[in-house]
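>>> this one's structure only:
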């Protein structure tokens, strides 16, 4: 995308000279001769950066700075002054200036400042877009992602949630199977009824039956009072059985009966109870292999697996990494009171390169650690855990000494595009540039897939 820079200075030669220089650098430029005109142009809403003189007749540059900082906090402001006092610099920075430069202007230094300020602006904008997308998706469900695999899961959840069908969610540990169960319940007609979760692997076999079906007083040692089970508590709602592959066959038979007849007895009880429960189960095991091994009942498998939703591992849906990482970054930065707005390019590349054996759970822990370690601004590769940054540190792009800036840019884009198997969206995200900009540079440098 082309950025638009507003230059405000009451000296015509300086104003027009800076404008012409910035246009040669590839920017669109708007010019204002005083602070009042600068405010009017800034309020149009299409300004990406402001460069303003401090001392001008009428509305001063300091007042323009305050106006922009209060109304458009993501728009950086670079302040110029012919006086260069320490007091001016401190006051401008305190009021929200991105940086401070004295006249006569060193154009090379200004060019670097402008580039850095706009990179920060673009990072902030992209981070806001990610957060908006996250919030939009959260209104539909708690699952975060934009990959084709996740979009297919969204569609399955939307279609199955209004029904009474049992659902079996499969996938590796940490992929977010519980979030899919949450979404099914939240989008179902039972959303205002109980949603009860049981982590079967966390309970001893001797306790699981009592936990699921309840028990009568005195039915076993320590049963000092009647206790309702999860099937009873979840009546008219949803029961989520996580790690269903861990339960023994005795309990499997009783669950099968509830699914078939909606009836059960408490442990030690004689009364038959009824419960209208929608069962959603999850497992990281291959239940067909468990059936072949004789550890899981085939009839229960088919009762649970009316609809199957498979959640792929994170390494197979890398396009979801920026969205997930941005969501976690926002959450943990807010929790820790840190002004962290995104990831630098090396950190983003490292997040893409890592295989994430612990899936979304591991990514979440990684981002929490990175936020704790990071200073204000951006998470860098040094803030990431050693295991995550190791892969990126091994993948080095080599630019021969003496290369021009254009040649260096071409090499970086070419090698990053190759490392991402030609995925332009992912490449643009790693490089921290807009996709439109990347497409133009690919065309300019002749970097089509065949090259």
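Okay, I see it. These numbers were taken from a predicted model, which means no experiment stands behind them. Residues are numbered from 1 along each chain as shown.

>>> Need the three-state assignment for the residue of the chain positioned farthest from its centre.
Computed with Cα atoms, centre = their mean, the residue of the chain farthest from its C-alpha average is residue 270, at 51.2 Å. Assigned by DSSP: H, G, I helix; E, B strand; the rest coil, the conformation of residue 270 is coil.

>>> Tell me the pLDDT of it.
What the model reports as pLDDT for residue 270 is 84.

>>> show me where the stretch 301-450 of the chain has helices.
Residue ranges of the helices in the stretch 301-450 of the chain, as given by DSSP state H, counting those that start in this stretch, are 321-336, 345-353, 359-373, 386-394, 405-419, 424-431, 435-445.

>>> which outside residues touch the third one?
It refers to helix 359-373. Residues outside helix 359-373 that contact it (Cβ atoms under 8 Å, 6 or more residues apart in numbering): 172-176, 313-314, 321, 324-325, 328-329, 332-333, 336, 338, 340, 347, 351, 356, 358, 379, 382-385, 388. Where you see a C-beta, it was placed from the backbone N, CA and C, and this is true even at glycine.

>>> Could you chop the protein up by domain?
Domain assignment for the chain by automatic domain parsing gives 4-131, 142-312, 316-394, 405-445.

>>> Which of those comes out lowest on mean pLDDT?
It's domain 405-445: among the domains of the chain, that one has the lowest mean pLDDT, namely a mean of 82.

>>> Where do the helices of the stretch 51-200 of the chain begin and end?
Counting by DSSP H, counting those that start in this stretch, the helices of the stretch 51-200 of the chain are 61-71, 86-94, 107-140, 148-160, 177-186.

>>> how about the strands in the stretch 151-300 of the chain?
Under the criterion DSSP state E, counting those that start in this stretch, strands of the stretch 151-300 of the chain are mapped to 167-170, 195-199, 214-215, 227-228, 238-242, 263-265, 272-274, 278-283.

>>> Rebuild the ones you listed as a markdown table, extending it with distance to residue 255.
Formatted as a markdown table, those follow (distance: least, Cβ to Cβ, whole Å):
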| stretch | distance to residue 255 |
| --- | --- |
| strand 167-170 | 13 |
| strand 195-199 | 11 |
| strand 214-215 | 14 |
| strand 227-228 | 17 |
| strand 238-242 | 8 |
| strand 263-265 | 9 |
| strand 272-274 | 14 |
| strand 278-283 | 8 |
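
>>> Quick one, which of those gets closest to residue 432.
strand 167-170 (35.3 Å; Cβ to Cβ).

>>> Sheet-wise, list the partners of that closest one with their directions.
strand 278-283 (parallel), strand 307-310 (parallel) (DSSP bridges).

>>> Comparing the ones you listed, which comes out most buried?
Among the strands paired with strand 167-170, the stretch with the highest mean neighbour count (mean count of other Cβ atoms under 10 Å) is strand 278-283, at a mean of 25.

>>> List the buried residues for stretch 9-17?
9-10, 14-15 (16 or more other Cβ atoms under 10 Å).

>>> for residue 23, what are its contacts?
residue 29.

>>> got the angle between the helix or strand it falls within and helix 107-140?
Of the helices and strands defined by DSSP states H and E, residue 23 is found in helix 12-24. Inter-element angle recorded for helix 12-24 and helix 107-140: 60 degrees (by axes from the mean of the first three to the mean of the last three Cα atoms, to 10 degrees).

>>> follow-up on the earlier one: pipe the buried residues of stretch 9-17 into TSV and attach distance to residue 412 per row.
Shown next, in TSV, are the buried residues of stretch 9-17 (distance: Cβ to Cβ, whole Å):
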residue	distance to residue 412
9	35
10	41
14	35
15	35
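
>>> Farthest pair within those?
10 and 14 (8.7 Å).

>>> what is in contact with these two at once?
In contact with both residue 10 and residue 14: residue 53, using Cβ under 8 Å, 6+ apart.
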